[in-house]
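Engineer: Build me a structure from this.
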Amino acid sequence: MSRHVLLPLLLLLTAVYGQVAVKSGGQNKRSRPATRTGFELSGVAVNSVSNEPAAHVEISMGLAEQPNPLQTTVTGADGSFSFRGIAPAKYWLSAHGRGFAQQGLDEHEGYFTGIAVGANLDSQNITFRLRPDSSIVGLITDNDNEAVSGAEVMLFRTGLEGGETGTYQLQETTTNDEGRYHFGHLAAGSYYIVVSARPWYAQTPNRGMRTYVKTSAGGQTEETQIGPPDTSNPALDLTFPLTFYPGVTDPAGASVIDLQIGDQTTADVSLTAVPALHIHINGIGTPTGASLQQQFGSSVLQVPSQVAESENGIDIAGVPPGHYLLNMNAGNGAKSWSRPLDLNGDSEIDPSDSAPGIKVSGALRLNGQPAANAVVRLRNRASGLRFDAQTSDRGEFLLETTGFTPGQYEVAVFNVADAALGSISATGATVRGHSVQIGGTGAVHLNLTMSQGLARVEGVALRDGKPAAGTMVVLVPQKLEENASMVRRDQSDSDGTFALPNVLPGKYTVVALADGWRLEWLNPSVMQPFLKAGTPLEIGTGRKYAVKVRVQSSTP
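Structural biologist: Predicted coordinates for the structure are as follows:
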């Protein structure tokens, strides 16, 4: 069952793609009408680690593909729950309680297993295995062992997610007055902690404010200072580099925090102040944006710094040593540009030595009209970096000097109801399916057209000829490497059925994989062995398809 039904209810990681096990013996038992007017949906909730009953947990249920709950109950001391008088239909279940974050039944990456209720269907033997909360807490201190309050602490998750292995930012928080932070409701997995802060005592010299002019008064020449005098202490011109747990500044030395279900892990980080460096950019007026960025995994981190106008350019102060991408969006019609920067000391930069940044603009149309307030995403297949832009009232968008490098970018569009990205045309780039190949410099313009002629694929996953619950089902388009945004997924329900909505016309293969969540299924070479035993489909416009798919083992 698709995750989208439960998104308003489940406080999930985000990302891009369910949940629950509907099995616990009694497979031959059939649902009995609980009353003269309906059936019963019942079972027991247990702690997935200890297997003990999960008492006093709130269980909600609702109709499949409908987000609002129909009924809510609380489990008894033995973990049991029951909904009676239920009409024949398919339903979702979600649960939350003390020590258990909101979650759906057998959830995987936002997909879950729905329960089919009706005659000759077993809906009274559900085992809802609840994952206990996990958390990471810690204390941020400086090199004097004093607490650092107001530090920005970022949580990254690394590993397999959405069919690919990568490292993505998940959450961020700020330390309290005692320098402590807390990340709760975490799933089992591998995590990194990154800290950004500035010493409370740091003083940045007012280099941009010290301007002198010579004037003549009574035949004598004198110097006059414009702006306030620089009263800062150069010895306090210090900064904290971006610091990775357990206290290193090189991303390659960051330690992984392996979090198991129910773990409460402590990760303290000590920051070391270093002399701040300064960058002067010659001959540029007030910028509309100047920033330093550092890549970590599939994310781009903003490096803390202070940007100010100086007499003949731009000063960036408070910068720690490191390897960065310097982005400059200049005003007054000047060209914007980006350049890599290895900073080991104060630096002076001439914009003429920098390559222009890649600028990507475009327009989004739906039924010939501008599509406003949509989100257009370009994702670099090699680095995993994602760049988002929101369309204006005129359906236009702009992405400029935000870390673009030459390469292949998947194009996807979000926040347009009942439509999917249909076609792409481009100038300054080569279109390959739902991807574009971008070169080194210059402007790229994309014309994106949304399609409402969408199809729906429904079916049943079969293992040894019998319906199989909890199976990952993937609709794989031809040339997966160019059409990742056309993929559709679901998790089969208690009766083995699944639904794949909003499918664009084209040629596909439907694949059902037991434990497929552990695969890099977005990698064409990984999926290739499974395509041979999948069910081929050629999808037309606006049609509905019914298929049967054989469940394959995730290890061919």
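
Engineer: Domain ranges for this protein, per the record?
Structural biologist: 3-130, 133-202+237-275, 359-451, 455-553 (automatic domain parsing).

Engineer: start to end distance for the last one?
Structural biologist: When you say that, I think you mean domain 455-553. 28 Å (CA to CA, to the nearest Å).

Engineer: Could you pull out the helices in this structure for me?
Structural biologist: With helices called from DSSP state H, the chain shows them at 524-531.

Engineer: where are the low-confidence patches of it?
Structural biologist: For the chain, applying pLDDT under 70 flags the ranges 2-37, 205-232, 284-289, 310-311, 329-336, 352-357, 400-403, 441, 556.

Engineer: switch to 80 and redo it
Structural biologist: Counting by pLDDT under 80, the ranges of the chain that qualify are 1-37, 203-234, 283-290, 308-313, 327-339, 351-358, 400-405, 440-442, 555-556.

Engineer: Include distance to residue 290 and mean neighbour count when you put the domains of the chain into JSON lines, please.
Structural biologist: Any C-beta I mention is one placed from the backbone N, CA and C, and that applies to glycine too. Rendered in JSON lines, the data for those read as follows (distance: least, CB to CB, whole Å; neighbours: other CB atoms under 10 Å):
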{"stretch": "domain 3-130", "distance to residue 290": "29", "mean neighbour count": "19"}
{"stretch": "domain 133-202+237-275", "distance to residue 290": "17", "mean neighbour count": "18"}
{"stretch": "domain 359-451", "distance to residue 290": "10", "mean neighbour count": "17"}
{"stretch": "domain 455-553", "distance to residue 290": "33", "mean neighbour count": "19"}
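
Engineer: As JSON lines, those with distance to residue 340 would be great.
Structural biologist: As requested, the domains of the chain are exported to JSON lines (distance: least, CB to CB, whole Å):
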{"stretch": "domain 3-130", "distance to residue 340": "29"}
{"stretch": "domain 133-202+237-275", "distance to residue 340": "15"}
{"stretch": "domain 359-451", "distance to residue 340": "10"}
{"stretch": "domain 455-553", "distance to residue 340": "27"}
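
Engineer: Select, out of those, the one closest to residue 326.
Structural biologist: Checking these against residue 326 by CB to CB gives domain 359-451 as the closest, at 9.6 Å.

Engineer: gap between the two ends of the closest one?
Structural biologist: 26 Å.

Engineer: Residue 315 is nearest to which of the domains of the chain?
Structural biologist: Among these, domain 133-202+237-275 sits nearest to residue 315 (CB to CB), with 12.6 Å.

Engineer: What is the end-to-end distance of the closest one?
Structural biologist: Domain 133-202+237-275 end-to-end distance (CA to CA) = 41 Å.

Engineer: Report the distance from that domain to the chain centre.
Structural biologist: 18 Å (CA atoms, centre = their mean, to the nearest Å).

Engineer: surely residue 432 meets residue 408?
Structural biologist: Yes: between residue 432 and residue 408 there is a contact under CB atoms under 8 Å: 7.1 Å.

Engineer: Distance check, residue 110 against residue 1.
Structural biologist: As judged by CB to CB, to the nearest Å, residue 110 and residue 1 stand 10 Å apart.

Engineer: can you check residue 413 too?
Structural biologist: Using CB to CB, residue 413 is found at 24 Å from residue 1.

Engineer: How about residue 394?
Structural biologist: 38 Å.

Engineer: And residue 482, by the same measure?
Structural biologist: From residue 482 to residue 1 the distance is 29 Å (CB to CB).

Engineer: what residues are up against the closest residue to residue 502 other than its chain neighbours?
Structural biologist: In space, and not counting its chain neighbours, residue 502 is closest to residue 454: 4.7 Å by CB to CB, 6 or more residues apart in numbering. By CB atoms under 8 Å, 6 or more residues apart in numbering, the contact list for residue 454 reads 418, 419, 420, 501, 502, 503, 504, 542.
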